[in-house]
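# Fold the following for me, if possible:
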Amino acid sequence: MNDILDTIQQHQWAADCRAAHAMRTGVGGSFAAALADAYFAADSRNKDRLLAAFRDIFDRFATSEE
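This next block holds a predicted model:
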């Protein structure tokens with residue numbers, strides 16, 4: 001069961017990283033780009049806080065083709 005949970009967590013981490021990269025392009029505006037910069041600068045605890053506060057923005061960019 002732990003292997004399944006680890007796989008799910010790794011998939012979410014990869015999606016969050018893709019979203020942050022997409023946010024950095026500026027397509028989403030300066031706020032999304034600043035969130036991406038904060039995400040890449042943050043430690044794991046603060047990454048979790050950013051994702052909790054702005055999950056909707058990360059999800060939008062994780063599924064975009066931009």
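# what's the longest helix in this protein?
In the chain, ranked by residue count with DSSP state H as the criterion, the top helix is helix 2-24.
# That one packs against which elements?
For helix 2-24, the elements it packs on are helix 30-41, helix 55-62, judged by 3 or more C-beta pairs under 8 Å, 6 or more residues apart in numbering; DSSP states H and E. C-beta: built from backbone N, CA, C; applies to glycine.
# worst average pLDDT in the ones you listed?
If the helices and strands packed on helix 2-24 are sorted by mean pLDDT, helix 55-62 sits at the bottom with a mean of 93.
# ok and it relative to helix 2-24, angle-wise?
For helix 55-62 against helix 2-24, the angle by axes from the mean of the first three to the mean of the last three C-alpha atoms, to 10 degrees is 80 degrees.
# Show me the contact partners of helix 55-62.
Contacts to helix 55-62, defined as C-beta atoms under 8 Å, 6 or more residues apart in numbering, come from residues 15, 16, 18, 19, 20, 22, 23, 28, 32, 35, 51.
# Output it in PDB with nothing but the alpha carbons.
Written as PDB, here are the backbone C-alpha positions of helix 55-62 (Å, rounded to 0.1, in the frame of the first residue of the first chain):
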ATOM      1  CA  ARG A  55      -4.000  24.800  -5.200                       C
ATOM      2  CA  ASP A  56      -6.500  26.100  -7.700                       C
ATOM      3  CA  ILE A  57      -3.800  28.100  -9.600                       C
ATOM      4  CA  PHE A  58      -1.400  25.200  -9.600                       C
ATOM      5  CA  ASP A  59      -4.100  22.800 -10.800                       C
ATOM      6  CA  ARG A  60      -5.100  25.100 -13.600                       C
ATOM      7  CA  PHE A  61      -1.500  25.300 -14.900                       C
ATOM      8  CA  ALA A  62      -0.900  21.600 -14.300                       C
END
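# what angle separates that helix from helix 30-41?
Between the direction of helix 55-62 and that of helix 30-41, the angle (the same axes, to 10 degrees) works out to 90 degrees.
# buried sites along helix 55-62?
57, 58, 61, 62 (16 or more other C-beta atoms under 10 Å).
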